[in-house]
Structures are given as structure tokens and as C-alpha cells.
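S.K.: Quick one, fold the following:
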Amino acid sequence: MSSTPIIEVRHITKRFKGLTAVKDVSFSIKEGAITGMIGPNGAGKSTTFNMICGYYPPTEGRIFFRGQDITDKKAYDYTKMKIARTFQIMKPLKNLSVLENVVASCYFGHAAAKNEREARERAMDVLQFTGLYEKRHILSKDMGTPDQKRLEMARALATKPELLFLDENMAGLNPAETEAAIELIRSINKSGVTIFLIEHIMQAVVSLCEEVIVLHHGEKIAEGTPEQVMNDPMVMEVYLGKKEASNHA
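M.R.: Next up, the predicted model:
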């Protein structure tokens, strides 16, 4: 695994009509690794994520992908750069089947399918890999949350990314479903895809991530291995409250 950063975020700030949502945040994502971002609700995670994914331009600061400045790139340019993302609020094509959803995604990105046969073959492979093959003919709107979250990942993988952003992919899952999602994310990473995820479920963060970035009130307050971060007094204070943190110290 390379220690070269695939993404470098330098001093990004985002203001919305005078309100500072993210302030002077810098970090890097190592190629080949699984990196996580955590923080309480309102910490600025989604805003940071959306800036890196091209949805919001930063008010200040720059974002680099493999050394190239991509700060001003639009979200629709990302699949051509071999970058894909999932959404916290799932956005499947509701009246299409699982297979049709993934086939549609195969036509986007740097390796866009050239014809229907190629798209269907790739979609079938992705569905096997993500465990959705048996459900390929079900309409996506008729599936439960765990399968819809899997479909989000399948659609992203159909664009053949080298970097995958996962936005709270385990929210609303029970423990068994969470474990299955962790295994799938691990398999995606082993297949050669770098992963950057926002997650509230700490079991998943500790289990998957090599590096964790912690945001609070729009600022980065800690960065390191899951163990380092979990033992950081400031992080404990944010998550547990001052009294609890002193009891754990």
C-alpha cells in the first residue's frame, strides 16, 4: 500500500451567508486505505464531505486529487476522475429494478460501458460482488433500507472508482446488517478501492479505519488511529461530556 495521499485537503473553510460551517480544515487521505471522519451532529462532516465531492465550492482553501488541484471541479466531473460517492439519503431510480439501476450507472465515468451487453455484464458482476444478485429483478423502491444502502454502493462501484466516498452507509442498520456492511466495505477496499467514510457507528469506524479525523463545531480537533482518537481527552469530552471524560481518563 502506498503512503502517498490520494486526496489532500488544505485549509478549507465554508461559509453560508456569514455562518461558518467549516473552518480551516486540513487532512489527507492515503491511497489504498480506509479513512473515517467522525463528529457529533452539526460538526461540519457533511459540509466537508460535500466540498471534497464537488457539491459545494470551499469559501477558502484548496483540494487536491493525486496532486492535481480539483477545487473548482463540479460533482459530475468526478466519475471521470475515478471517484464515486454514496448518499446518506438514498437516491435510487425508484421505478427501475435493482439490475436496471446498476446498468444505468455503468454508462458513467472513465470506463463508461460502450453498449448494453457490456453494461449488463458489468452490472451482473457488481451485483454478485455486493450480494444483490438474487434481488436483481426487484424494484428498488420495494427494497428495505439495508438493501437500498447496498444498491447505493453497487451503483457507485459500477463506475469503476479508485476512490469511494461513503456517507453514513450504516445509519439505521441493526447489528447483523452493520456487520455485513463492514464486510462489504472491507471487500471493496481489498479490491483496490481507497475509501473515505463518514460514520456515526463507532464499531464500524474502529473495525475498518486506519486513520480517523474528528470534527467539532466545524474544526478538526483530532486525527490519528482509532485508538489514538478514542483516547484523546478532547474527543472524549465532545462525545462523553466533561464529567464522563474525567472518569475515563
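S.K.: CA atoms for contacts and neighbours, from now on please.
M.R.: Will do.
S.K.: Tell me, what's the model's pLDDT at the residue most central in space within the chain?
M.R.: Geometric centre of the chain, nearest residue: Leu166, 1.9 Å, by CA atoms, centre = their mean. Note on Leu166: pLDDT of 89.
S.K.: my guess is it is in a strand, correct?
M.R.: Yes. Counting by DSSP: H, G, I helix; E, B strand; the rest coil, Leu166 is part of a strand.
S.K.: Make residue 1 into 646 and carry on from there
M.R.: Sure, I'll start counting at 646 from here, so that last one is Leu811.
S.K.: what's near enough to touch it?
M.R.: Contacts for Leu811 (CA atoms under 8 Å, 6 or more residues apart in numbering) come out as Arg730, Thr731, Phe732, Ile840, Phe841, Leu842, Ile843.
S.K.: can I get these in JSON lines with secondary structure, pLDDT and distance to Ala666?
M.R.: Output for these, formatted as JSON lines (DSSP: H, G, I helix; E, B strand; the rest coil; pLDDT from 0 to 100; distance: CA to CA, whole Å):
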{"residue": "Arg730", "secondary structure": "strand", "pLDDT": "78", "distance to Ala666": "21"}
{"residue": "Thr731", "secondary structure": "coil", "pLDDT": "77", "distance to Ala666": "22"}
{"residue": "Phe732", "secondary structure": "coil", "pLDDT": "69", "distance to Ala666": "20"}
{"residue": "Ile840", "secondary structure": "strand", "pLDDT": "95", "distance to Ala666": "24"}
{"residue": "Phe841", "secondary structure": "strand", "pLDDT": "94", "distance to Ala666": "20"}
{"residue": "Leu842", "secondary structure": "strand", "pLDDT": "92", "distance to Ala666": "19"}
{"residue": "Ile843", "secondary structure": "strand", "pLDDT": "89", "distance to Ala666": "16"}
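S.K.: Show me the two of the residues you listed that sit farthest apart.
M.R.: The span of the contacts of Leu811, defined through CA to CA, is set by Phe732 and Ile840 at 14.2 Å.
S.K.: which one of the two has more residues nearby?
M.R.: Ile840 (26 against 16; other CA atoms under 10 Å).
S.K.: Surely that one is in contact with Pro806?
M.R.: No. If you go by CA atoms under 8 Å, Ile840 and Pro806 don't touch, sitting 10.0 Å apart.
S.K.: on that earlier part again, weed out the non-buried ones from the contacts of Leu811.
M.R.: Using 16 or more other CA atoms under 10 Å as the burial test, the contacts of Leu811 include Arg730, Thr731, Phe732, Ile840, Phe841, Leu842, Ile843 as buried.
S.K.: Who does the fifth one form a beta bridge with?
M.R.: Pointing back at Phe841 there. Here Phe841 shows beta-bridge partners Thr680, Phe810, assigned using DSSP bridges.
S.K.: Can you give me the distance of it to Phe709?
M.R.: Noted for Phe841: a distance of 15 Å to Phe709, by CA to CA, to the nearest Å.
S.K.: how does the protein divide up, domain by domain?
M.R.: 646-721+809-894, 728-805 (automatic domain parsing).
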